[in-house]
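In: sharing a model prediction with you, sequence too.
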Amino acid sequence: MKKRHGQEVSISEVLKEFVNNNKLDKGLEQIQAAEAWNKLMGPAIKKYTTAVKLNRGKLFVQLNSSVLREELSYGKQKIIKLMNEELGDELIKEIILQ
């Protein structure tokens, strides 16, 4: 693919530019965070997860098990670290279990 300047550009660069120009970053981060949660937590916890939302560095996770919510609350810092490693960026500063 060529830019107007006559230089070739890779598809990934074009997609990044498209995402940035159309302000789609936040939506993609939301999807990536939900996918990372499901991947890292596995099918057992995924079964009890009803919603995962990322907003301003806070990951809101809605669970339908109070026992699981309590258990996960003990490992919040480890979960944050694992999630950020999976996402490849420091997107998550805090986890709020609901």
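Out: Sure, I can see it.
In: poorly predicted segments of the chain, please.
Out: Judged by pLDDT under 70, the chain has its weakly predicted residues at 1-6, 19-20, 22-24.
In: can you pull out the strands in it?
Out: Per DSSP state E, the chain has strands spanning 49-55, 58-63, 94-97. These are given in chain order.
In: show me which positions of the shortest one end up buried.
Out: Same thing as strand 94-97. Residues of strand 94-97 classed as buried by neighbour count (16 or more other CB atoms under 10 Å): I95, L97. Using the backbone N, CA and C atoms, a C-beta is placed for each residue, glycine as well.
In: how far out from the middle of the chain is it?
Out: Centre-to-centre, strand 94-97 and its host chain are 13 Å apart (CA atoms, centre = their mean, to the nearest Å).
In: can you pull the contacts of the residue nearest the centre of the chain?
Out: The centre of the chain sits closest to A33, judged by CA atoms, centre = their mean, with a distance of 1.5 Å. Remark: with contacts taken as CB atoms under 8 Å, 6 or more residues apart in numbering, A33 is in contact with V52, K53, L54, L59, M83, L87, L91, I92.
In: out of those residues, flag the one nearest to E8.
Out: Of all the contacts of A33, L87 has the smallest distance to E8: 29.5 Å, by CB to CB.
In: what about W37, how many residues close to it?
Out: 22 (other CB atoms under 10 Å).
In: what about the longest helix in the protein?
Out: Ranked by residue count and defined by DSSP state H, the top helix of the chain is helix 25-48.
In: returning to that earlier point: switch the strands of the chain over to a markdown table; also include distance to Q7.
Out: Written out in a markdown table, the entries for the strands of the chain read as follows (distance: least, CB to CB, whole Å):
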| stretch | distance to Q7 |
| --- | --- |
| strand 49-55 | 35 |
| strand 58-63 | 39 |
| strand 94-97 | 42 |
